[in-house]
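Colleague: just the structure for this:
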Amino acid sequence: MRTPAFHKYYATLSPHERFRLAVQAESRNDEEEFRKIIESCPRVAYDITDPQFYDRVQVTRDIATAFQLQLGPIYARISLIHGLQYAHESIATEADQRDHSLLQALNTISLNGLLKHFGTEAFMLWNTFSHFCRHHLEIEPEVVLGAFMPASLEQLQFIQRVTPECPENNQLHDETAELFKRIWTTGVLPAKKNEVP
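Modeller: You can find the predicted model right below:
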């Protein structure tokens, strides 16, 4: 335990020195020393942006990021399949000059079926994100992505361009919808009575 004479120097410590001493005091279970270190911290008054506003902006960015983290792997798969289709077409034009084993292997894979599968998955994710944006944020999903995740818009345009006609599907991905709601409700302070949640 430190001597009381040393306590008068706590106010001169740098934040990192104070941090190290506090962790050491905690590890010794020296609650009195820990309290004195904390009390020696300079007090600072902050002028902050309204948390009701700022939290909404930050949490919306988090939701757009969560959307991109789910869309990215789907986009990668679709890009790969699209590349295989291009390679398949190139091989087909030179089929007379090459070994047919690669062509036969590629023919066994239903590339269009895979594109349709992953395209459907991408649009189900998009429907879920769109529904959340319109019903909870009251903002169009393209606006949210344009503000926080513009790469997602480009990836969606590519997916729409290269996937065969996906059946009309307004189905929502339940787990993703719950994820978006959980991010929103845990990250945003409760609204005041006269505000939209």
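Colleague: the helix of greatest length in the chain - contacts with which helices or strands?
Modeller: Determined from DSSP state H, the single longest helix within the chain is helix 51-93. For helix 51-93, the packing partners by 3 or more C-beta pairs under 8 Å, 6 or more residues apart in numbering; DSSP states H and E come out as helix 100-108, helix 111-132, helix 141-148, helix 150-162, helix 174-187. Any C-beta I mention is one placed from the backbone N, CA and C, and that applies to glycine too.
Colleague: change it to 6 Å
Modeller: Based on contacts counted as 3 or more C-beta pairs under 6 Å, 6 or more residues apart in numbering; DSSP states H and E, the elements that helix 51-93 packs against are helix 111-132, helix 141-148, helix 150-162, helix 174-187.
Colleague: domains of this protein?
Modeller: Domain assignment for the chain by automatic domain parsing gives 4-39, 51-187.
Colleague: distance between the ends of the longest one?
Modeller: End-to-end distance of domain 51-187 (C-alpha to C-alpha, to the nearest Å): 10 Å.
Colleague: check the offset of that domain from the chain's centre.
Modeller: Here domain 51-187 is found 14 Å from its chain centre; the criterion is C-alpha atoms, centre = their mean, to the nearest Å.
Colleague: what about it, average pLDDT?
Modeller: On average, the pLDDT along domain 51-187 is 84.
Colleague: when you give positions from now on, start the count at 47
Modeller: In the new count, where the first residue is 47, that last one comes out as domain 97-233.
Colleague: elements contacting the helix or strand encompassing Glu72?
Modeller: Element membership of Glu72, judged by DSSP states H and E, is helix 61-73. Secondary-structure packing of helix 61-73 (3+ C-beta pairs under 6 Å, 6+ apart): helix 77-85.
Colleague: show residues contacting the helix it packs on.
Modeller: By C-beta atoms under 6 Å, 6 or more residues apart in numbering, the residues outside helix 77-85 that reach it are 53, 64, 67-68, 71-72.
Colleague: now stretch 217-231
Modeller: Stretch 217-231 has contacts (C-beta under 6 Å, 6+ apart) with 105, 108-109, 170-171, 173-174, 177-178.
Colleague: can you name the two of those residues that are farthest apart?
Modeller: Comparing all pairs in the contacts of stretch 217-231 by C-beta to C-beta, the longest separation belongs to Val105 and Met170, at 22.9 Å.
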